[in-house]
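Peer 1: Take this sequence and fold it.
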Amino acid sequence: MTLPYSPSGAVPVGYDRGKDDTGPRIRKIETFCTPMVGFVRVTAEDGTTGWGQVSTYNSDLTCEILHRQVAPWALGRGMDALEDVIAEVPLREHKFPGTYLCRAMAGLDTAVWDWRGKAAGKPVAALLGGTSGPIRAYASSMRRDISPEDEAARLIALRDTKGFDAFKVRVGAECGQDRDEWPGRTEAIIPAIRSALGTEAALLVDGNSGFSSARAITVGHMLEDHGYGHFEEPCPYWEMEQTAEVTRALSINVSGGEQDWDLQHWKRMIALRAVDIIQPDILYLGGITRSMQVARMGHAAGLPCTPHCANLSLVTLFTMHLLRAVPNPGKYLEFSIEGADYYPWQDHLFVTDPYTITNGQATVTDAPGWGVEIHSDWLAKSRYGCSEMH
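Peer 2: Next up, the predicted model:
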């Protein structure tokens, strides 16, 4: 289905499409989506293309926003004008600030970066100032419906088969207001994972906005006692001052920022030093361009960047390229260990799986752009939308 969004009807009369933009212009923006995931293809005037992705979850809604509120400002602009377009869209759509606009912008941004990489014959990491190569990964559990014993068993298996030496588990309950997933689970899983994996493993936990500052500090001291090194999003992410209180009270590194899409909020968070490690999510924040801005802000403040990427859609591949390029990469790449049994929508997205872990490391290849091809069978079953320059 071609959606009825065209710049002739969507863009205000007199809007300057960037007549001075050089290089090929964006002729068409297409989306292929399900409610869970949405891919974006940009096509230049010469027919060359690039692939990107809007954020996962409610991706069909996000693709609607891409066509209505992002594409009209991008069609007809040069591929080299991406940074200007990404800066302009929030201004032109100033009555609609928020996460959905940024999740839609990410689809355009990441598709243009792929186009640029293909045009230059280089991986995106190289265009960002980095290189291809390996990245240490940590095995990231997404589950709270699992006993400490069963969680430990599957992490040991991953250590022995994939070579992971860093692992993250979940504590508390998501936005739980100090409630645990079940009584005593947090107190049980912290020592159980350390005991099972030994003293050499790097261990991390994620609170997912689950605790008040007082409870988070108590949990944090437990983590310190058992040699954990990373306490993620301990307090409601919108209560930045609570997180800052926890950061000041603990010696363990406190991390956060995955939900945050507002660059002004990022400036305040970094100035306050509310966290020790910044964790932008490329697709929540609005794409590679804005994520590089946040990484550089963190670098200026001496804060490492360990982006959030909690599934095996394209977001993890984008993050791999980013980590090979930012001046302040964190210690590792987040790598979800949940497969199609947990995320069935992840199945058969790509022709060739870009996510191979060897000796605990993922690899950014030398392939141009993102170096990935979306599976034609998946595309054939998706909902199609198109915005085109006339």
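Peer 1: what residues are up against the closest residue to Pro304 other than its chain neighbours?
Peer 2: Nearest residue to Pro304 in three dimensions, chain neighbours excluded: Gly330, at 4.4 Å (CB to CB, 6 or more residues apart in numbering). Where you see a C-beta, it was placed from the backbone N, CA and C, and this is true even at glycine. The neighbours of Gly330, taking CB atoms under 8 Å, 6 or more residues apart in numbering as the test, are 277, 304-307, 323.
Peer 1: pLDDT score assigned to Gly330?
Peer 2: Here the pLDDT value assigned to Gly330 is 97.
Peer 1: let's have the chain start at 2 instead
Peer 2: Noted, 2 is the first residue going forward, which turns the last one into Gly331.
Peer 1: Now do it against Gly199, distance only.
Peer 2: Distance, Gly331 to Gly199, using CB to CB, to the nearest Å: 22 Å.
Peer 1: Tyr101 now?
Peer 2: Distance of Tyr101 to Gly199, computed by CB to CB: 44 Å.
Peer 1: likewise Asn329?
Peer 2: For Asn329, the distance to Gly199 - CB to CB - is 29 Å.
Peer 1: Same drill for the two, tell me which one is more crowded.
Peer 2: Asn329 (19 against 9; other CB atoms under 10 Å).
Peer 1: His300 versus that one, what's the distance?
Peer 2: Counting by CB to CB, the gap from Asn329 to His300 is 4 Å.
Peer 1: Low-confidence stretches in the stretch 2-151 of the chain?
Peer 2: The model of the stretch 2-151 of the chain has pLDDT under 70 over residues 2-21.
Peer 1: again, only using 50
Peer 2: Filtered on pLDDT under 50, the stretch 2-151 of the chain yields the residue ranges 2-16.
Peer 1: Going by neighbour count, list what's buried in stretch 203-219.
Peer 2: 203-214, 216-218 (16 or more other CB atoms under 10 Å).
Peer 1: Setting the sequence-adjacent residues aside, check what's closest to the most centrally placed residue in the chain.
Peer 2: Geometric centre of the chain, nearest residue: Asp282, 3.2 Å, by CA atoms, centre = their mean. Counting by CB to CB, 6+ apart, the nearest residue to Asp282 once its immediate chain neighbours are dropped is His309, at 4.1 Å.
Peer 1: My read is that that neighbour contacts Ile279, right?
Peer 2: No - counting by CB atoms under 8 Å, His309 stays clear of Ile279, with 9.9 Å between them.
Peer 1: and Arg160, backbone torsions?
Peer 2: Taking degrees, to the nearest 10, you get phi -60, psi -40 for the backbone angles of Arg160.
Peer 1: Name all residues that make contact with it.
Peer 2: 140, 166, 168, 198, 202 are the contacts of Arg160 under CB under 8 Å, 6+ apart.
Peer 1: Return the subset of these lying in strands.
Peer 2: Judged by DSSP state E, strands contain the following of the contacts of Arg160: 140, 168.
Peer 1: the domain parsing of the chain - what is it?
Peer 2: 8-122+377-389, 126-365 (automatic domain parsing).
Peer 1: Relative to Gly258, how far out is the residue nearest to the centre of the chain?
Peer 2: 8 Å.
Peer 1: quick one: common contacting residues for the two?
Peer 2: The contact lists of Asp282 and Gly258 share His309, where a contact means CB under 8 Å, 6+ apart.
Peer 1: how close does Thr364 sit to Arg137?
Peer 2: 11 Å.
Peer 1: higher neighbour count, those two?
Peer 2: Arg137 (19 against 16).
Peer 1: Now do the residue lying closest to the more buried one once chain neighbours are set aside: how many residues are near it, please.
Peer 2: Spatially, and ignoring its direct neighbours in sequence, Arg137 is nearest to Tyr333 (4.7 Å; CB to CB, 6+ apart). For Tyr333, the count of nearby residues is 24 (other CB under 10 Å).
Peer 1: Let me see the contact set for Tyr333.
Peer 2: Per CB under 8 Å, 6+ apart, neighbours of Tyr333: 136-139, 167, 203, 307.
Peer 1: hmm, 10 Å instead?
Peer 2: 136-141, 165-167, 169, 203, 205, 231, 307, 324, 361-363 (CB atoms under 10 Å, 6 or more residues apart in numbering).
Peer 1: Just the ones in helices from these, please.
Peer 2: Secondary structure from DSSP state H places Leu324 of these in helices.
Peer 1: Tabulate the domains of the chain (a markdown table), appending distance to Trp371.
Peer 2: Formatted as a markdown table, those follow (distance: least, CB to CB, whole Å):
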| stretch | distance to Trp371 |
| --- | --- |
| domain 8-122+377-389 | 5 |
| domain 126-365 | 6 |
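Peer 1: Which residue ranges of the stretch 102-251 of the chain form helices?
Peer 2: 125-128, 149-163, 186-198, 214-226, 241-250 (DSSP state H, counting those that start in this stretch).
Peer 1: Could you look over these and pick the most buried one?
Peer 2: Scoring these by mean neighbour count under mean count of other CB atoms under 10 Å gives helix 125-128 as the most buried, with a mean of 23.
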